[in-house]
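Trainee: When you get a sec, could you give me coordinates for this:
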Amino acid sequence: MADAERKLSNGKSRIDFQTDPSKYRHWKLEVDGEVATLLMDVDEKGTLFEGYELKLNSYDLGVDIELADAVERLRFEHPQAKVILLRSAKPRVFCAGANIRMLAGATHAHKVNFCKFTNETRNGIEDASEASGLATICVINGTAAGGGYELALAADHIMLIDDGSSAVSLPELPLLAVLPGTGGLTRVTDKRKVRRDHADVFCTTEEGIKGKRAVDWRLVDEVVPSSKLEEMVSKRAREFAARSNRPAAAKGIALTPLKRERSANGVDYGTVSVELQRAARLATITLRGPDAPPPASVEAMVEHGAQFWPLKLARELDDAILDIRANEFDVAAIVFKSSGDPAQVVAYDAFLDANKDHWLSREIRGLWKRTLKRVDLTSRSLVALIEPGSCFAGTLAELLFATDRSYMLIGQLPGDNKPPATLALAAVNFGAYPMSNGLSRLASRFLADPADVDRAKAAMGTTLDAQAAEQLGLVTFALDDIDWEDEIRVFLEERASFSPDGLTGLEANLRFGGPETMESKIFARLTAWQNWIFQRPNAVGEEGALKRYGTGQKPVFDTRRV
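Mentor: Below is the predicted model:
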């Protein structure tokens, strides 16, 4: 195993998830009417950490940060784009997958967070197709190995050049003693429906599968001779664009850079602030409600652009969660608080509902869906405190239902003139933001009795005090001012005393009751399998496959099956 975290490149002290096309080192984004091209051209020297090179379009987290940003910009800045062509700028190689030297030298925590973010990015590509009509066609020239093929698997259609050498492969097991870390096995069986025996051959064959067999086994959709490639790519792009409902005449909005004021103990964004209490191993995220009513029209919403409150808040919350995940590993719990007028929050939800057919409303709701899923998948204990002056209503109430526990104050605190804590439900709480299991958070909460969801729905349009919210099962505990501080203090101190490994496993199991989907399988298997395998000596020990790859020495395995 890696003994210490590598240093970040260029003297950086934190991993930053904010970027834009002017800063890309690994991707070229071009938009020509309905067709966008994402060209992978990884800069070998442009590594996130020191100590390796990104040869053959291999990637690290920095490459995926740019990819995630590019897909997000296509959704918001280029609503006229209807299809993405995912291609390589390098001859005879599409993508060699996750960089092996990076993985061999990374801490376990970084490997896991790298795989998680990469999974979320691949899921985002699929969501762009399903929810926004932005399909992806992957054009493979040369090798698509490991994570490179996993990237292709996220596309709607895979084209492979038929040149006798281009191939797809998942060689992680035979070469590295690990598994594909970004959903490869699950997408092969569940999405592409490859036969089990064919999948077994494919996943244990280092050189992969090419040509007609790749099509016959459902690993790709078509093979195309080099001489006809561009003609067929154009044809497929036109076909997919014709199926899209994205607005051809719409003008996008610019995703302007987030404004962040960072201090030693936190960061303030504007609508979101993060306070770090490192000695107590706590991060408190406070979300601020809107300070003005929603605009009068969708045209005014578009004019607001990235400063439109629901969009601004979602972007800032997403960045805050990623920052804690990647840079604050000692944080045991994230405490969510809010401040503002609940009625204003509900008014913004109603505005988006009334204009749900507008492309920007759809994309804002989609970003909230993905951000809330990011919260669901964050390996920290999550707790919400509903205090006087809070605005947990509608979309913000979803954070309550995403947490492991929630506490709501009955009445007011002595000497506090803020209005008593309330909770308000809206239509968005009943299906607008499904979890990875396909259910709403309330449906996931009330698996034992779906009628409890109906009772909660009947309370829409009313302001719920703490006792009413507890009676409906919407919060874990309603506490009076006598018990408030002590109960929460004991809970947070207890949480910080438990094994972080045990808590991660516990929370990952408890958060996703109900049906299993391809998406929930991908994350469940990442937690249950990849985390374990990445710590086993056969993979990361001094004589393990990851350590010895490329040295000419064969790995030495503990041969016992467990």
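Trainee: Skipping its backbone neighbours, what lies nearest Leu413 in space?
Mentor: Asp481 (5.2 Å; C-beta to C-beta, 6 or more residues apart in numbering). Every residue, glycine included, has its C-beta placed from N, CA and C.
Trainee: can you tell me how far the one you found sits from Ser339?
Mentor: Per C-beta to C-beta, to the nearest Å, Asp481 is found 18 Å from Ser339.
Trainee: Same check on Pro171?
Mentor: From Pro171 to Ser339 the distance is 52 Å (C-beta to C-beta).
Trainee: okay, those two: which has more neighbours?
Mentor: Of the pair Pro171 and Ser339, Pro171 is the one with more neighbours under other C-beta atoms under 10 Å, namely 19 against 15.
Trainee: Now do the same contact list for that one.
Mentor: The contact partners of Pro171, by C-beta atoms under 8 Å, 6 or more residues apart in numbering, come to Ala145, Gly146, Thr205, Glu206, Glu207, Gly208.
Trainee: As a markdown table, the residues you listed with neighbour count and pLDDT would be great.
Mentor: As requested, those are exported to a markdown table (neighbours: other C-beta atoms under 10 Å; pLDDT from 0 to 100):
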| residue | neighbour count | pLDDT |
| --- | --- | --- |
| Ala145 | 27 | 97 |
| Gly146 | 27 | 96 |
| Thr205 | 15 | 96 |
| Glu206 | 11 | 94 |
| Glu207 | 12 | 94 |
| Gly208 | 20 | 96 |
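Trainee: And the pLDDT at Val345?
Mentor: Listed pLDDT for Val345 reads 98.
Trainee: any weak-confidence spans in the stretch 1-150 of the chain?
Mentor: Within the stretch 1-150 of the chain, the segments meeting pLDDT under 70 span 1-4.
Trainee: before we move on, what about the chain?
Mentor: Ranges of the chain meeting pLDDT under 70: 1-4, 527-528.
Trainee: Please report how far the most centrally placed residue in it lies from Phe308.
Mentor: Geometric centre of the chain, nearest residue: Glu120, 3.3 Å, by C-alpha atoms, centre = their mean. According to C-beta to C-beta, Glu120 and Phe308 sit 23 Å apart.
Trainee: any idea how far the residue nearest to the centre of the chain lies from Ala154?
Mentor: 11 Å.
Trainee: Overlap of the contact sets of the two?
Mentor: Common neighbours of Glu120 and Ala154 (C-beta under 8 Å, 6+ apart) do not exist.
Trainee: the helices in the stretch 51-200 of the chain, which residues?
Mentor: For the stretch 51-200 of the chain, the helices defined by DSSP state H, counting those that start in this stretch cover 61-77, 100-105, 108-132, 147-153, 172-176, 184-186, 196-203.
Trainee: Mind giving me the packing neighbours of the third one?
Mentor: Yep, that's helix 108-132 we're talking about. helix 61-77, strand 135-140, helix 147-153, helix 309-327, helix 359-376, helix 518-525 (3 or more C-beta pairs under 8 Å, 6 or more residues apart in numbering; DSSP states H and E).
Trainee: List the buried residues of that helix.
Mentor: For helix 108-132, a neighbour-count test (16 or more other C-beta atoms under 10 Å) marks 110-129, 131-132 as buried.
Trainee: and it, how far out from the chain's middle?
Mentor: Chain-centre distance of helix 108-132: 5 Å, with C-alpha atoms, centre = their mean, to the nearest Å.
Trainee: go on, the first one?
Mentor: Taking the mean C-alpha point of helix 61-77 and that of its whole chain, the gap between them comes to 12 Å (C-alpha atoms, centre = their mean).
Trainee: Tell me how many other residues crowd the residue nearest to Leu413.
Mentor: 14.
Trainee: Now do the contacts for it.
Mentor: Contacts of Asp481 (C-beta under 8 Å, 6+ apart): Leu409, Ile410, Gly411, Gln412, Leu413, Pro414.
Trainee: which one is Asp41 nearest to, not counting chain neighbours?
Mentor: Here the residue nearest Asp41, using C-beta to C-beta, 6+ apart, is Ala89, at 3.7 Å.
Trainee: now that neighbour: how far from Gln344?
Mentor: Distance of Ala89 to Gln344, given as C-beta to C-beta: 47 Å.
Trainee: When those two are compared, which one has more neighbours?
Mentor: Per other C-beta under 10 Å, whichever of Ala89 and Gln344 has more neighbours is Gln344, with 19 against 13.
Trainee: For that one, grab phi and psi.
Mentor: Main-chain torsions, Gln344, degrees, to the nearest 10: phi -70, psi -40.
Trainee: which residue sits closest to it in space, ignoring its chain neighbours?
Mentor: Of all residues not flanking Gln344 in the chain, Pro290 sits nearest, at 4.9 Å (C-beta to C-beta, 6+ apart).
Trainee: tell me which element that neighbour falls in.
Mentor: Remark: Pro290 resides in no helix or strand, with elements defined by DSSP states H and E.
Trainee: Which element, helix or strand, includes the most far-flung residue of the chain relative to its centre?
Mentor: Seen from the C-alpha centroid of the chain, the residue lying at the greatest distance (C-alpha atoms, centre = their mean) is Gly415, 41.8 Å away. Per DSSP H and E, Gly415 falls between elements, in no helix or strand.
Trainee: Give me the distance between it and Pro388.
Mentor: Applying C-beta to C-beta to Gly415 and Pro388 gives a distance of 11 Å.
Trainee: Show me the helices in the stretch 251-400 of the chain, by range?
Mentor: Going by DSSP H, counting those that start in this stretch, the stretch 251-400 of the chain shows helices at 298-304, 309-327, 342-354, 359-376, 397-402.
Trainee: got the buried residues for the second one?
Mentor: This points to helix 309-327. 309-326.
Trainee: before we move on, what about the last one?
Mentor: Neighbour-count burial for helix 397-402, counted by 16+ other C-beta under 10 Å, picks out Ala397, Glu398, Leu399, Leu400, Phe401, Ala402.
Trainee: Output that helix as PDB, nothing but the C-alphas.
Mentor: The C-alpha trace of helix 397-402 is given here as PDB (Å, rounded to 0.1, in the frame of the first residue of the first chain):
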ATOM      1  CA  ALA A 397     -36.100  19.600   2.600                       C
ATOM      2  CA  GLU A 398     -34.500  16.900   0.400                       C
ATOM      3  CA  LEU A 399     -31.300  17.300   2.400                       C
ATOM      4  CA  LEU A 400     -33.200  16.300   5.600                       C
ATOM      5  CA  PHE A 401     -34.300  13.100   3.900                       C
ATOM      6  CA  ALA A 402     -30.700  12.400   2.600                       C
END
